[in-house]
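Participant: Give me a model of this one.
(2 chains)
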Number of protein chains: 2
Amino acid sequence: MDPELAALGEFGLIDLIRQRAQQRSPGTILGIGDDAALLAIPAGGGLLVTTDMLLEGIHFQWRWGRPRDLGRKAMAVNVSDIAAMGGRPLYVLLGLAIPLAGPSLTELEALLAGLEEEAATYGVTLVGGDTCSSRSGLVLAVTLLGVPPPGDAVLRSGAKPGDGLWVTGMLGGAAAGLLALELGLRPGAPWPADIARPAWLATEEEAAIQAAMTVHLTPAPRLAAGQALVGCATAMIDVSDGVASDAGHLCTESRVAARILASRIPIHAGAAAMARLTARDPLDLALRGGEDYELLFTTPADPRPTLAEIAPGLAVTRIGEVIAGQPVPWLARADGREEILAGGFDHLRVSG
Amino acid sequence: MDPELAALGEFGLIDLIRQRAQQRSPGTILGIGDDAALLAIPAGGGLLVTTDMLLEGIHFQWRWGRPRDLGRKAMAVNVSDIAAMGGRPLYVLLGLAIPLAGPSLTELEALLAGLEEEAATYGVTLVGGDTCSSRSGLVLAVTLLGVPPPGDAVLRSGAKPGDGLWVTGMLGGAAAGLLALELGLRPGAPWPADIARPAWLATEEEAAIQAAMTVHLTPAPRLAAGQALVGCATAMIDVSDGVASDAGHLCTESRVAARILASRIPIHAGAAAMARLTARDPLDLALRGGEDYELLFTTPADPRPTLAEIAPGLAVTRIGEVIAGQPVPWLARADGREEILAGGFDHLRVSG
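Facilitator: Numbers count the residues shown, from 1 in each chain, chains lettered A, B, ... in the order given. Below you'll find the model as predicted:
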């Protein structure tokens, strides 16, 4: 263990976190420093709660990015869940298990700074947590509390046959970024001398691969989009495991089927480049890669006001429609073939 | 990975947890199965939130106890935090990182059953969580939500010079139980043939060691006691790191000192026996062992109504008093010596 961290000890570290945590929210009656946090919750609407763990060796490799970015991502993936309900995040708790041969105090402070930076961006206050040691890798366990939108939370279960199926942003970037990181590329670094650089790779494709690594390391949760879609979206989910898997969840909860048009999938340019580099199908990266943290949602077939009117700056693509049938998504290929779209990321099924 | 679990997959496991989770609370508007849980919170009083992680190899060894007991403990240690505020727990979220070479589906179901059993005991509903794989040991990350008592939550910061300092139950049991488990003793099992059984060990001492292992493996949070003490206790904390450490936190937050009388410490009989067996100081186990999950609290010098009137069945011991001075606890020995009582359990300082 880092001698500076060992000298500080568990309670010294908690004190340090406590000093760092800005009491941004007037609703924090009692933050870090007691047995539990005591929080004011705006009356009437209920409470949204979500929790996500990030484990070293499973969700991230320490050497891939900066500790600051890891802190940002831990916060972002939870904000994405509140965004998918159309809600507003308010409070966060951080569980932190620190390996004995692990990060230095300086690195931990950078991680915390990243988490706070991202929290501040979304109006979230750090109110509590837990710290302990870990015999293996670093573990981050983040719990985020928020409130549903003034109307009602947007659920996974509200899609109806005839609805349009949409996605924000581009897909496959995070998966492509992961492939690039696994290959040995690094964000902001020139192409490594020990990795063969294909002759066909143009400057803009290399830039797209760089952008893909950024998506993987610091995804941007679509909070404003999620909130803007309240009252318009009939169902919504964030794309954390890939559209294949997440459209499946939406179909299951709504008891509908969906038809997704392969030709409409907005494929991230970095996914196209990495697919070519690693002899993969770019569509597969876009549909099954996961971790893009875009929003997948349904709307009435002809929403009024239109999406462009609701959220002028929102980049959205209509990728298909909701249909009646067994609750699975179908993929319609350009040649007319249709197949069940299965096989997003499953933590307990893959060996990686 | 257990083939049955691998066949089920992450989402199969989530479905299984969802089916198991009884919707006990009418406040669960939306439980497992969406991006976030949506919960009703009783109006007016605010929200209590606490989170605690349990890591294999740090907080527990898989072979020490039954998976069911581990599930119970994960719940109990969080309930203890709400108890220490005088509050009422309502909702729990479970983060579960499962090692690839880890527990079988049957063992995981037993763990979940234990967690639910304990949750039901305290009126808590499982509303959400996260599952993933782990490259090392099992990780449980539990977040518990509750409400403060109708008056006000009992904080760590309310102690005043002149107050009495009290503790519920007996101390050192959990530490003694841990020593016994590390030695190779097992709950419910006869004394192992390969461990020398000291001639002085009486049947009742062996029973006390068995009871100590039970305290370590399935601590009983003092929820009813914590609630009964609302309006009487001026400050309260649960004894998770040992009285030495936890009295220190109470002093720091209340900006007071405390004098603890060594002769008054209620030492668990199992702690006395294990101390003798391992040539340790039983008082040290009681004050620095941690994980007893008793409540340490302060009251006015002469509380009216008395504690016996408030909670007739409550086993409490007055172990000292709050005094003015630098915010540290002092230990007063029988021979008149006084020393600063330092050195409870610190996750980042110890090498175990």
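Participant: use CA for all of it now, contacts and neighbours both
Facilitator: Fine.
Participant: could I get the strand ranked longest in chain A in CSV with only the CA atoms?
Facilitator: Across chain A, the longest stretch assigned as strand under DSSP state E is strand A:88-99. Only the C-alpha atoms of strand A:88-99 are listed here, as CSV (Å, rounded to 0.1, in the frame of the first residue of the first chain):
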residue,chain,number,x,y,z
ARG,A,88,-33.0,14.5,-11.9
PRO,A,89,-30.0,13.1,-9.9
LEU,A,90,-29.3,14.6,-6.5
TYR,A,91,-27.1,12.6,-4.1
VAL,A,92,-24.4,10.0,-4.6
LEU,A,93,-22.7,7.5,-2.2
LEU,A,94,-19.3,6.0,-3.0
GLY,A,95,-18.1,2.6,-1.9
LEU,A,96,-14.4,2.3,-2.5
ALA,A,97,-12.4,-0.9,-1.9
ILE,A,98,-8.7,-0.1,-2.3
PRO,A,99,-6.1,-2.8,-3.2
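Participant: State the mean pLDDT of it.
Facilitator: On average, the pLDDT along strand A:88-99 is 94.
Participant: Equivalent analysis for stretch A:253-268, please.
Facilitator: Averaging pLDDT along stretch A:253-268 yields 97.
Participant: List of residues touching that stretch?
Facilitator: Contacts to stretch A:253-268, defined as Cα atoms under 8 Å, 6 or more residues apart in numbering or on different chains, come from residues A:156-161, A:165, A:169-173, A:208, A:212, A:247, A:251, A:282-283, A:286, A:317-334, B:33.
Participant: So how do I select the buried members of those in PyMOL?
Facilitator: The buried subset of the contacts of stretch A:253-268, as determined by 16 or more other Cα atoms under 10 Å in any protein chain shown, is captured in PyMOL by this line:
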select buried, (chain A and resi 156+157+158+159+160+161+165+169+170+171+172+173+208+212+247+251+282+283+286+317+318+319+320+321+322+323+327+328+329+330+331+332) or (chain B and resi 33)
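Participant: In strands, which of the contacts of stretch A:253-268 appear?
Facilitator: Of those, the ones assigned to strands by DSSP E are A:165, A:317-323, A:329-332.
Participant: quick one: which of those residues is nearest A:Leu201?
Facilitator: A:Thr317 (27.4 Å; Cα to Cα).
Participant: isn't the closest one right up against A:Val167?
Facilitator: Yes. Here A:Thr317 reaches A:Val167: they are 5.5 Å apart, a contact under Cα atoms under 8 Å.
Participant: State the pLDDT value of A:Arg63.
Facilitator: Note on A:Arg63: pLDDT of 89.
Participant: How about A:Ile14?
Facilitator: Residue-level confidence at A:Ile14 comes out at 83, pLDDT.
Participant: hey, C-alpha coordinates of the one helix or strand A:Asp52 maps to in PDB?
Facilitator: According to DSSP states H and E, A:Asp52 maps onto strand A:47-55. Taking Å, rounded to 0.1, in the frame of the first residue of the first chain, the C-alpha atoms of strand A:47-55 are listed here in PDB:
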ATOM      1  CA  LEU A  47     -37.300   8.700  -5.100                       C
ATOM      2  CA  LEU A  48     -35.200   7.200  -7.900                       C
ATOM      3  CA  VAL A  49     -32.400   4.900  -6.800                       C
ATOM      4  CA  THR A  50     -29.800   3.100  -8.800                       C
ATOM      5  CA  THR A  51     -26.500   1.400  -8.100                       C
ATOM      6  CA  ASP A  52     -23.600   0.300 -10.300                       C
ATOM      7  CA  MET A  53     -20.300  -1.400  -9.500                       C
ATOM      8  CA  LEU A  54     -17.000  -0.900 -11.400                       C
ATOM      9  CA  LEU A  55     -14.400  -3.600 -10.800                       C
END
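Participant: re the thing from before, closest one of the ones in strands among the contacts of stretch A:253-268 to chain B?
Facilitator: Nearest to chain B among the ones in strands among the contacts of stretch A:253-268: A:Pro329, at 16.0 Å, using Cα to the nearest Cα.
Participant: got the contact list for that closest one?
Facilitator: A:244, A:247-248, A:251, A:257-260, A:340-342.
Participant: In strands, which of the residues you listed appear?
Facilitator: Those of the contacts of A:Pro329 mapping onto strands are A:257-260, A:340, per DSSP E.
Participant: Put the buried members of these into a PyMOL selection.
Facilitator: In PyMOL syntax, the buried subset of those is picked out as below (16+ other Cα under 10 Å):
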select buried, chain A and resi 257+258+259+260
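Participant: Show me which of the ones in strands among the contacts of A:Pro329 is closest to B:Ala193.
Facilitator: A:Ile340 (59.8 Å).
Participant: for that closest one, what are its contacts?
Facilitator: A:328-331.
Participant: I'd like these laid out as CSV, including pLDDT.
Facilitator: Output for the contacts of A:Ile340, formatted as CSV (pLDDT from 0 to 100):
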residue, pLDDT
A:Val328, 95
A:Pro329, 96
A:Trp330, 96
A:Leu331, 96
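Participant: Which two of these have the greatest separation?
Facilitator: A:Val328 and A:Leu331, at 9.9 Å, using Cα to Cα across the contacts of A:Ile340.
Participant: Quickly list what's touching both of these two.
Facilitator: The contact lists of A:Val328 and A:Leu331 share A:340-341, where a contact means Cα under 8 Å, 6+ apart.
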